[in-house]
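Novice: structure here, sequence nowhere to be found:
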């Protein structure tokens, strides 16, 4: 009998070891793949309940995470500010309104960091034109019929460093490289539509720019490439710079082809949009739209006491985080980072926000040795995080049940949503893996959670840098390494 009991005991012990071995073998196969011969791989799979590392490869090896970094910014913001937090934007005026409805003073749009103002990503938030109509109605309700002054966009709530100090020049003119101001508008992006050409090498014409931005000049050097070659067109330009160079290629064809750029000066564009909407509604103005920064730069302008006409509120932070992680919107994370700095340190800068995050990670017991965070979105190639640091942080989020309940739905789900919609098709991982993906040139990563077949909750992160070959091929290999996670360890 003792031999039978011993054999059963050994068999029971072997079950978790085999499950663990299956996962570890899959990770080891990826690590040995020729595409990573000159590259780097860090992967950690962790049991949320115990903190045990179930499988790993170079778990402490720091790599560039790309947009996986967003889970840190969004999670910290949700915990510190609260899931129900809302940004505000105020419509203000200075001076006096006389008996005939003339404002002898200025109108201000005062931003408090809301990244969603005028966005079309939210059903509850009005896009640009309806938003401006609401602002105009508020002016009319106050009795203003004529503005004997300027319409001013006030972004002073944040600092003047609106983009990432280590962002690539190639990124900043494009929509995903839009900075975060104290006053943002329409996701700080515009749409540019080309008319495709049928000849290889031909320059496609610019057909439309939406919305129209005053003084914006495009130098078009884009060429027509092979059919099916995809969007390889880039907009080169920096903040406050209205000359943009269009370079790269789009496919040959006969239809429209759209790319998206970053608005050079959102505070000015917000003021310009309100002035235009006011004039369309019959409000007269004899001056101009401008930004507070421009006024302070070019004159001795001093703002006097203002009165608030109307306050606009953003969606809840829970809703903002959901869109941020599902659609991977860099600007939203950069605004959250700066708001963390403003609310906790009194400075609306990236540096202050990063200090808040560092203190948060320390409080949660996350080892920050070798952890370098340059921005809030992951766009900087100088961010460095290990998979173990990510997995430990995600575990800390999951151990806070209320926070986890709000944060978990923001992550894309395998086969169902976001960047994981087309991953793990026809496998046991469908609906069981939730993760934020990340991608830069020669960078791919996934960070999130696994709900195993046995009900175990795992946190995990996988980061690959400097791989050879095509990104889509590496993604499929990473899927194979992640798939055994759903079996967990019983």
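Specialist: Thanks, I have the structure now. No experiment lies behind these values; they were computed from the predicted model shown.
Novice: all contacts plus neighbour counts: C-alpha atoms, from now on.
Specialist: Fine.
Novice: please enumerate the strands of the stretch 1-150 of the chain.
Specialist: Along the stretch 1-150 of the chain, the stretches classed as strands by DSSP state E, counting those that start in this stretch are 40-47, 53-57, 88-93, 96-97, 102-104, 107-111, 146-147.
Novice: mind listing residues that contact the longest one?
Specialist: Strand 40-47 is contacted from outside by 27, 31, 52-63, 386-388, 391-392, 395, 456-467, 485, using C-alpha atoms under 8 Å, 6 or more residues apart in numbering.
Novice: mind listing which of the residues you listed are in helices?
Specialist: Counted as lying in helices by DSSP state H, out of the contacts of strand 40-47, are 27, 31, 387, 388, 391, 392, 395.
Novice: redo those as TSV? Include distance to residue 88, neighbour count and pLDDT.
Specialist: Formatted as TSV, the ones in helices among the contacts of strand 40-47 follow (distance: C-alpha to C-alpha, whole Å; neighbours: other C-alpha atoms under 10 Å; pLDDT from 0 to 100):
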residue	distance to residue 88	neighbour count	pLDDT
27	46	25	97
31	48	22	98
387	36	29	98
388	37	28	98
391	34	29	98
392	33	27	98
395	32	26	98
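Novice: now, the most widely separated pair of the residues you listed?
Specialist: Across these, no pair lies farther apart than 31 and 395, at 24.2 Å, counting by C-alpha to C-alpha.
Novice: can you list the domains in the protein?
Specialist: 24-83+318-487, 88-160+265-316, 189-262 (automatic domain parsing).
Novice: closest to residue 169 out of these?
Specialist: domain 189-262 (7.1 Å).
Novice: mind checking how far that closest one is from the chain centre?
Specialist: 23 Å (C-alpha atoms, centre = their mean, to the nearest Å).
Novice: next: stretch 59-69.
Specialist: 16 Å.
Novice: hmm, who's touching stretch 25-38?
Specialist: Here stretch 25-38 makes contact (C-alpha under 8 Å, 6+ apart) with 41, 43, 55-57, 466-469, 474, 477-478, 480-482, 484.
Novice: just give me the closest of those residues to residue 87.
Specialist: Looking across the contacts of stretch 25-38 and measuring by C-alpha to C-alpha, the closest to residue 87 is residue 43, at 36.3 Å.
Novice: and residue 405, what element?
Specialist: Assigning secondary structure by DSSP states H and E places residue 405 in helix 401-407.
Novice: show the end-to-end separation of stretch 415-431, please.
Specialist: 7 Å (C-alpha to C-alpha, to the nearest Å).
Novice: how about stretch 251-259?
Specialist: Terminal residues of stretch 251-259 lie 12 Å apart, using C-alpha to C-alpha.
Novice: and the helices in this protein, which stretches?
Specialist: Using DSSP H, helices in the chain cover 2-31, 70-81, 128-141, 169-172, 266-280, 292-298, 317-327, 330-345, 350-363, 387-399, 401-407, 471-482.
Novice: from the contact counts, what lies against the second one?
Specialist: What it means is helix 70-81. Applying 3 or more C-alpha pairs under 8 Å, 6 or more residues apart in numbering; DSSP states H and E, we find helix 70-81 packed against helix 317-327, helix 330-345, helix 350-363, helix 401-407.
Novice: most neighbours per residue, which of those?
Specialist: Comparing the helices and strands packed on helix 70-81 by mean neighbour count (mean count of other C-alpha atoms under 10 Å), helix 330-345 ranks first with a mean of 25.
Novice: and for that one, what are the contacting residues?
Specialist: 70, 73-74, 77, 80-81, 113-116, 158, 176-182, 187, 320, 324, 347-356, 375-379.
Novice: do the same with stretch 200-220
Specialist: Counting by C-alpha under 8 Å, 6+ apart, 190-197, 221-226, 242-247, 252, 256, 269 sit against stretch 200-220.
Novice: returning to what we had before: which residues are in contact with the helix holding residue 405?
Specialist: Helix 401-407 has contacts (C-alpha under 8 Å, 6+ apart) with 75, 78, 79, 83, 318, 321, 322, 397, 398.
Novice: ok, the third one - contacts?
Specialist: Going by C-alpha under 8 Å, 6+ apart, residue 79 touches residue 403.
Novice: now do it against residue 435, distance only.
Specialist: In terms of C-alpha to C-alpha, residue 79 sits 19 Å off from residue 435.
Novice: equivalent analysis for the first one, please.
Specialist: Here the distance between residue 75 and residue 435 works out to 13 Å (C-alpha to C-alpha).
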